[in-house]
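Engineer: generate a structure from the sequence data that follows.
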Amino acid sequence: MILKICIVIKNNEFLDFINKSEKLLNLKKSIISMDLIEK
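Structural biologist: Numbers count the residues shown, from 1 in each chain. As a prediction, this is how the structure comes out:
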């Protein structure tokens, strides 16, 4: 039981990490596209 809870927590942290990474990637993309527009 405790082990399962730990695994779920780890999975949630991992998903959270993936979400943050995607947001960062999107942010970088939008910054790059802004740079392209300005030039």
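
Engineer: pLDDT on the helix or strand Val8 falls within, on average?
Structural biologist: Using DSSP states H and E, the element containing Val8 is helix 2-38. Here helix 2-38 scores 80 as its mean pLDDT.

Engineer: name the helices or strands packed onto it?
Structural biologist: Of the remaining helices and strands, none touches helix 2-38 by 3 or more C-beta pairs under 8 Å, 6 or more residues apart in numbering; DSSP states H and E. In this view, the C-beta of every residue, glycine as well, is placed from N, C-alpha and C.

Engineer: going forward can the numbers begin at 700, since that is how I track them
Structural biologist: Okay, residue one is now 700; in that scheme the one you just asked about reads as helix 701-737.

Engineer: mind checking how far that helix is from the chain centre?
Structural biologist: Computed by C-alpha atoms, centre = their mean, to the nearest Å, the chain-centroid distance of helix 701-737 equals 0 Å.

Engineer: equivalent analysis for stretch 731-738, please.
Structural biologist: Worked out by C-alpha atoms, centre = their mean, stretch 731-738 lies 23 Å from the chain centre.

Engineer: identify each buried residue in that stretch, please.
Structural biologist: The neighbour-count check on stretch 731-738 (16 or more other C-beta atoms under 10 Å) flags nothing as buried.

Engineer: what residues does it touch?
Structural biologist: Contacting residues not belonging to stretch 731-738 are not present [C-beta atoms under 8 Å, 6 or more residues apart in numbering].

Engineer: can I get that stretch in PDB? Just the C-alpha atoms.
Structural biologist: Extracted C-alpha coordinates of stretch 731-738, given in PDB (Å, rounded to 0.1, in the frame of the first residue of the first chain):
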ATOM      1  CA  ILE A 731      12.300  32.600 -31.000                       C
ATOM      2  CA  SER A 732       9.200  33.500 -33.100                       C
ATOM      3  CA  MET A 733       9.100  36.900 -31.600                       C
ATOM      4  CA  ASP A 734      12.800  37.400 -32.500                       C
ATOM      5  CA  LEU A 735      12.000  36.300 -36.100                       C
ATOM      6  CA  ILE A 736       9.100  38.800 -36.300                       C
ATOM      7  CA  GLU A 737      11.200  41.700 -35.000                       C
ATOM      8  CA  LYS A 738      13.900  41.100 -37.600                       C
END
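
Engineer: sweet, I'm off.
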